[in-house]
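Engineer: Attaching a predicted model along with its sequence, questions to come.
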Amino acid sequence: MHQASTNEVNGCARVGSCHKRNSSSPFSQHPSKKHISIAAPPAAAWLPGHSCNPKSLLTAAAADADGNGSSNNIGAQQNGQSSAAAAGREYDYDVFVIGGGSGGVRTARTAAAHGRRVALVELPLDFMSSADKGGVGGTCVLRGCVPKKLMLYASEFASEAKAGKGFGWVDGTAGTLDWQYFLKVKREELLRLNKVYKNNLTKSGVELLEGRGKVLGPNEVVVDGKSYTTGNIVIATGGQSSRIPIPGAEHAIVSDKVLELDSIPKVVTLIGGGYIGMEFAGMFARLGCEVHVVARQELPLVPRFDLEVCRFFMEQCSGASGIHMHMRSNPTEIVKEADGTFTVKLEPIKKDKDNKDKGISADASGNAAGVTEIRGNQQVVLATGRSAKTKGLGLEEVGVEMGLKGSVKVNEYSQTNIPSIWAVGDVTSRMALTPVAIMEGQALGQTLATGEKVAPCYDAVPSSCFSWPFVGTVGLTEEQVKDKGMSFEVYTSTFTPLKATLAAGGLPDNIIQKGFAKMLVELGTGRLLGIHMVGEDAPEIVQGYALALKLGVTKQQLDSVVGVHPTAAEELVGMKGPARVVKAEENKDKKQQQSQAEPPMGSAQKAR
């Protein structure tokens with residue numbers, strides 16, 4: 001659930017750049033392979049000796065679109081897929097995309113821009129996703145990133161007004177939120193964006209079909225009873241919210257419904273401490289709701305974010321934000337009471353002396369220690385992850401290899417084990433972020449259009465959680481750097497934003513919400529490995545630093561930059577320290593000690 005790409009909405013068809021990864025890159029997974037990154041800078045802008053050596057495909061793409069490039073069957077023989085020319089017949093389309101979200105739309109438009117015959121099928125529009133409803137724009141535009149951000153903006157007026165009391169604004173209230181009016185204008189904006197997406201597809205030459213698409217064979221798709229043949233099939237159906245199998249789960253709602261609630265709940269419990277759970281928790285807290293978060297893990301946002309960052313984030317959530325964090329707690333049942341409210345029953349988890357989960361104990365957060373039930377909820381939200389939306393697509397029947405939670409298994413070029421069937425976006429369970437789905441679609445569109453295999457590049461992808469406070473990250477976490485066996489320095493800064501001191505005067509208990517910045521630097525080279533921030537401007541800040549990591553910038557170079565004062569961003573310029581130095585040998589020794597201390601699986605049973 002992340003911000004929609006402005007480039008996609010505005011119809012910008014920016015072609016990325018191919019490059020080869022150098023095996024020396026700390027981010028590299030597959031050295032010496034061609035990759036793509038969105039809107040890469042021109043070759044002159046890249047530092048000499050860096051792992052990325054951009055090669056523009058614009059010239060080749062333009063020639064191909066004019067009919068002077070590869071064959072109309074999209075380099076099928078080269079890619080090992082079935083060829084219309086070889087079979088002595090022609091398909092209805094070169095590319096047929098099932099799914100009109102960010103990844104599917106970008107794939108379709110990129111291939112069509114090169115003169116390919118492209119069709120895209122999407123379910124009829126609805127703000128609530130189901131087996132029969134969807135809409136062009138997909139999860140991000142209709143029931144994810146965009147409406148979530150609009151709801152965040154609505155909630156911020158309430159929290160900002162309270163903070164304003166500390167600056168002398170006497171009432172300290174934004175007034176009453178007309179929730180029905182908000183729903184109305186939100187829906188109008190989503191309908192506008194849906195229309196923009198459909199118009200952009202049409203302008204690009206993509207034939208847009210409405211209905212349910214199903215794969216009948218390697219080169220055949222049926223839409224509501226009508227069959228189409230195609231050289232390539234692209235699966236881009238995205239994901240859907242998962243429900244945990246506990247008694248009373250039917251009483252809970254998922255993220256789609258949160259964005260379509262009839263009214264704001266006074267008391268709400270969110271089950272799940274990941275992106276979705278924490279983002280909605282922050283919004284409800286800003287709106288003045290009593291908010292509870294229940295999660296099995298010890299900290300929110302793990303393992304996607306740095307552990308130290310997650311620890312600081314939880315302190316801020318349970319402090320200044322006033323969110324009740326019930327960590328290391330297992331939800332066991334949701335009970336609907338006679339008065340219409342819901343009770344969430346918990347089983348807190350503890351660890352024994354061998355660091356293994358065992359039995360019931362006090363809540364590890366210390367916020368709501370020993371809580372075994374949360375009563376009076378007007379809503380309970382399941383934010384327990386997402387699964388791929390592939391049911392009924394016919395993929396298993398044609399032999400496509402499937403992964404966990406219904407995901408489609410693909411290689412680095414987004415190709416399945418069936419050469420003519422491909423997949424991009426959340427349906428592949430690679431990296432569930434809208435800009436990543438767009439990158440994958442761009443790469444696949446070029447592959448299908450030019451016959452030159454292009455792979456998306458997942459190096460230094462920035463991401464953020466729009467909770468309260470915000471969290472932003474790009475590059476490696478401290479745990480990931482350790483796992484790579486690297487020696488590195490850790491720089492940290494805990495700071496009080498200028499606005500926060502006075503703002504605290506208008507908040508309960510005058511608690512100041514602090515900020516946190518963390519930088520990981522490779523020992524010896526000084527190369528930046530990771531940038532992490534907690535605070536109001538974190539998402540905007542890490543977007544800029546993503547380029548620095550991509551270019552292999554060193555801390556010494558960053559220290560030469562003059563900061564803008566007073567801002568949170570300047571905390572990353574000229575950081576003092578390091579706070580600690582971690583050497584590869586020490587990591588290795590600690591892992592060996594842990595391995596020796598932990599008995600092998602089943603050894604205790606054997607001893608008995």
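Structural biologist: Looks like it came in fine.

Engineer: for Ala517, what are its contacts?
Structural biologist: The contact partners of Ala517, by CB atoms under 8 Å, 6 or more residues apart in numbering, come to Thr492, Ser493, Phe495, His532, Met533, Val534, Gly535, Ala568, Glu571, Leu572, Met575. Any C-beta I mention is one placed from the backbone N, CA and C, and that applies to glycine too.

Engineer: The fourth one: neighbour count?
Structural biologist: When neighbours are defined as other CB atoms under 10 Å, His532 has 28 of them.

Engineer: If we ignore the residues flanking it in sequence, what's nearest it?
Structural biologist: Among residues not flanking His532 along the chain, Lys518 sits closest, at 4.3 Å (CB to CB, 6 or more residues apart in numbering).

Engineer: Just checking: what are the partner strands of the helix or strand where that neighbour lies?
Structural biologist: Secondary structure from DSSP states H and E places Lys518 in strand 515-522. Strand 515-522 pairs in its sheet with strand 488-495 (antiparallel), strand 528-534 (antiparallel), by DSSP bridges.

Engineer: And the next helix or strand after the longest one, what's buried?
Structural biologist: Proceeding C-terminally, strand 488-495 gives way to helix 498-503 as the next helix or strand, assigned by DSSP H and E. Neighbour-count burial for helix 498-503, with 16 or more other CB atoms under 10 Å as criterion, is recorded at Lys499, Ala500, Ala503.

Engineer: Does the last one touch Gly168 like I think?
Structural biologist: No. Taking contact to mean CB atoms under 8 Å, the distance of 11.6 Å between Ala503 and Gly168 leaves them out of contact.

Engineer: quick check: mean pLDDT across the longest strand seen in the chain?
Structural biologist: For the chain, the longest strand by residue count, based on DSSP state E, is strand 226-235. Throughout strand 226-235, pLDDT has a mean value of 98.

Engineer: any idea how far that strand is from the chain center?
Structural biologist: Computed by CA atoms, centre = their mean, to the nearest Å, the chain-centroid distance of strand 226-235 equals 29 Å.

Engineer: Adjacent strands (with direction) for the helix or strand just after it?
Structural biologist: The helix or strand immediately downstream of strand 226-235 is strand 239-241, counting by DSSP H and E. Using DSSP bridges, the strands paired with strand 239-241 are strand 386-388 (antiparallel).

Engineer: Can you say which of the strands paired with strand 515-522 is packed in most?
Structural biologist: strand 528-534 (a mean of 27; mean count of other CB atoms under 10 Å).

Engineer: Point to the residue nearest the middle of this structure.
Structural biologist: When CA atoms, centre = their mean is applied to the chain, the residue found nearest the centroid is Leu433 (3.3 Å).

Engineer: I'd like to know how far that one sits from Val474.
Structural biologist: Leu433 sits 12 Å away from Val474, going by CB to CB, to the nearest Å.

Engineer: who touches both of these two?
Structural biologist: The contact lists of Leu433 and Val474 share Val461, Ser463, where a contact means CB under 8 Å, 6+ apart.

Engineer: Tell me the spacing between Met519 and His532.
Structural biologist: Distance, Met519 to His532, using CB to CB: 8 Å.

Engineer: coming back round to it: can you add distance to Gly175 and pLDDT and give the contacts of Ala517 back as TSV?
Structural biologist: TSV is the format used below for the contacts of Ala517 (distance: CB to CB, whole Å; pLDDT from 0 to 100):
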residue	distance to Gly175	pLDDT
Thr492	40	98
Ser493	37	97
Phe495	32	96
His532	36	98
Met533	32	98
Val534	30	98
Gly535	27	96
Ala568	29	93
Glu571	34	95
Leu572	37	95
Met575	42	94
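
Engineer: quick one: which of the residues you listed is nearest to Gly277?
Structural biologist: Of all those, Gly277 sits closest to Val534, with 16.9 Å by CB to CB.

Engineer: And stretch 240-260, what's buried?
Structural biologist: Quick answer for stretch 240-260 (16+ other CB under 10 Å): 240-241, 246, 248-249, 251-259.

Engineer: Identify the bridge partners of the residue nearest to His532.
Structural biologist: Lys518 forms beta bridges with Thr492, His532, as assigned by DSSP bridges.

Engineer: Equivalent analysis for Val581, please.
Structural biologist: When bridges are called by DSSP bridges, Val581 pairs up with Glu489.

Engineer: To what extent is Glu156 buried, counted in neighbours?
Structural biologist: Number of residues near Glu156 (other CB under 10 Å) recorded here: 17.

Engineer: Quick check: it touching Arg286?
Structural biologist: Yes. Glu156 lies in contact with Arg286 (CB under 8 Å); the separation is 6.2 Å.

Engineer: In three-state terms, how would Thr110 be classified?
Structural biologist: The three-state assignment at Thr110 reads helix, by DSSP: H, G, I helix; E, B strand; the rest coil.

Engineer: So what's the residue count around it?
Structural biologist: 28.

Engineer: one step back: phi, psi for the residue nearest to the centre of the chain please.
Structural biologist: In terms of degrees, to the nearest 10, the main-chain angles of Leu433 are phi -140, psi 140.

Engineer: now the one 10 residues further on
Structural biologist: Backbone torsions for Ala443, taken as degrees, to the nearest 10, come to phi -60, psi -50.

Engineer: How much space separates it from Glu570?
Structural biologist: Ala443 is 36 Å from Glu570, where distance means CB to CB.

Engineer: These two: who's more crowded?
Structural biologist: Ala443 (29 against 16).

Engineer: how close does that one sit to Gly239?
Structural biologist: 20 Å.

Engineer: repeat for Thr173
Structural biologist: On the measure of CB to CB, Thr173 and Gly239 end up 38 Å apart.

Engineer: same check, this time on Asn417
Structural biologist: The gap separating Asn417 from Gly239 is 21 Å, by CB to CB.

Engineer: Between these two, point out the one with more neighbours.
Structural biologist: With neighbours defined as other CB under 10 Å, Asn417 and Gly239 compare such that Gly239 has more, 25 against 12.

Engineer: per-residue confidence for the more buried one?
Structural biologist: Per the predicted model, pLDDT is 95 at Gly239.

Engineer: Spell out which helix or strand contains the nearest residue to Pro539 once chain neighbours are set aside, please.
Structural biologist: Computed as CB to CB, 6+ apart, the closest residue to Pro539 that is not its neighbour in sequence is Ser464, at 3.7 Å. For Ser464, the enclosing helix or strand under DSSP H and E is strand 463-465.

Engineer: And for Asn330?
Structural biologist: Asn330 belongs to strand 329-336 when elements are defined using DSSP H and E.

Engineer: Is it correct that Lys149 is in contact with Phe466?
Structural biologist: Yes. Proximity of Lys149 to Phe466 meets the contact threshold set by CB under 8 Å, at 6.9 Å.

Engineer: what about the two, which has more around it?
Structural biologist: Using other CB under 10 Å as the criterion, Lys149 and Phe466 rank with Phe466 on top: 24 against 16.

Engineer: got a list of what the more buried one touches?
Structural biologist: Going by CB under 8 Å, 6+ apart, Phe466 touches Lys148, Lys149, Leu152, Glu279, Gly282, Pro539.

Engineer: Give me the pLDDT value at the residue nearest to the centre of the chain.
Structural biologist: 94.

Engineer: Then Glu585?
Structural biologist: We note a pLDDT of 82 for Glu585 in this prediction.

Engineer: distance of it from Ala579?
Structural biologist: Distance from Glu585 to Ala579, by CB to CB: 19 Å.

Engineer: ok, those two, which is more surrounded?
Structural biologist: Shown here are Glu585 and Ala579; by other CB under 10 Å, Ala579 has more neighbours (14 against 10).

Engineer: Could you tell me how far the more buried one is located from Thr202?
Structural biologist: Applying CB to CB, the value for Ala579 to Thr202 is 55 Å.

Engineer: repeat for Phe182
Structural biologist: Relative to Thr202, Phe182 is positioned 31 Å away (CB to CB).

Engineer: So which of these two has more stuff around it?
Structural biologist: Neighbour count, other CB under 10 Å: between Phe182 and Thr202, Phe182 has more, with 15 against 11.

Engineer: Tell me the pLDDT of the spatially closest residue to the more buried one that is not a sequence neighbour.
Structural biologist: Nearest non-adjacent residue to Phe182, counting by CB to CB, 6+ apart: Ala154, 5.4 Å away. Turning to Ala154, the model gives it a pLDDT of 97.
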